[in-house]
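Colleague: Kindly return the folded structure for what I paste below:
(one chain, ligands or ions: 1)
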Amino acid sequence: MPTPILYDCTPAPNPRRARILLAEKGIAVELRQVDLMNQEQLSEAYRAINPNCTVPALQLADGTVINDNVGIAAWAEAEKPEPALLGRTPAEKGLVAATNAWVEFSGLMPVAEVFRNTAKGFAGRALPGPVNLDQIPALAERGAARLAAYFDALNARLKGREFLAIDSFSLADITAMVGVDFAKWVKAEPKPEHEDLRRWHAAVSARPSAKA
Ligand SMILES: N[C@@H](CCC(=O)N[C@@H](CS)C(=O)NCC(=O)O)C(=O)O
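Modeller: Sure thing, here's the model as predicted:
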């Protein structure tokens, strides 16, 4: 397989999800940094690659660009089925997809709501994408409340479980682990009593892929 190009930004949470997934799969990619701090994602050159103006984006040898984590995971699983990260049985596949969607909506989105509606550097850029949008302080407040509820729910889901969605490590674990680390950007972390969440987070963070 010719080496695909992963448009990346080392400190950003969403490209980290893709790097971890590809590391778990053992799929080599060439990393190309997109300088989000200087809005390189809005440049004509990057827009021509990914009109969504976001990272990650994976460019295949034939020029195809896959510009979302779930799509990159689907491509990687089809290209290299082992280790399976999207579930093996029909039921597992459904559980991984549903759990990943829940983590994106109930975990990543609240952190982004707090961060992007408070950080001075994101004034006028409250959402990723080609359209400039103003910050709404009330969304930061709502995001903080949603995030607290999410940590409670995530802890409950992990009770007595090694992994979040199914009995093996999956895309949902990657998204949720990156989400817990992203929450530190807004000074939020699981409470001491979130014992199952803390145990799981320590275990998945110890996998070599977490450093990708
Ligand atoms: N749903 C997309 C989200 C991608 C996304 O929002 N990426 C952020 C970096 S973490 C971005 O590109 N932001 C650009 C911006 O803020 O303008 C995915 O999972 O790939």
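Colleague: avg pLDDT for stretch 93-113?
Modeller: Stretch 93-113 shows a mean pLDDT of 98.
Colleague: what residues does that stretch touch?
Modeller: Residues from elsewhere that reach stretch 93-113 (C-beta atoms under 8 Å, 6 or more residues apart in numbering): 13, 70, 85-87, 139-140, 142-144, 146-147, 149-150, 153-154, 164-166, 170-172, 175-176, 178-180, 182-183, 185-186, 188. C-beta here means a position set from N, CA and C on the backbone, and glycine is covered the same way.
Colleague: and the ligand, which of these reach it?
Modeller: Pro13 (C-beta under 6 Å from any ligand atom).
Colleague: Going through the contacts of stretch 93-113, which ones are buried?
Modeller: 13, 70, 85-87, 139-140, 143-144, 146-147, 150, 154, 164-166, 170-172, 175-176, 178-180, 182-183, 186, 188 (16 or more other C-beta atoms under 10 Å).
Colleague: Tell me which entries of those residues lie within strands.
Modeller: Counting by DSSP state E, those place none of their members in strands.
Colleague: show me where the protein has strands.
Modeller: Under DSSP E, the chain gives strands at 5-8, 30-33, 57-59, 65-66.
Colleague: right, is the first one up against the ligand?
Modeller: No. Strand 5-8 does not reach the ligand (C-beta under 6 Å from any ligand atom); its nearest approach is 9.1 Å.
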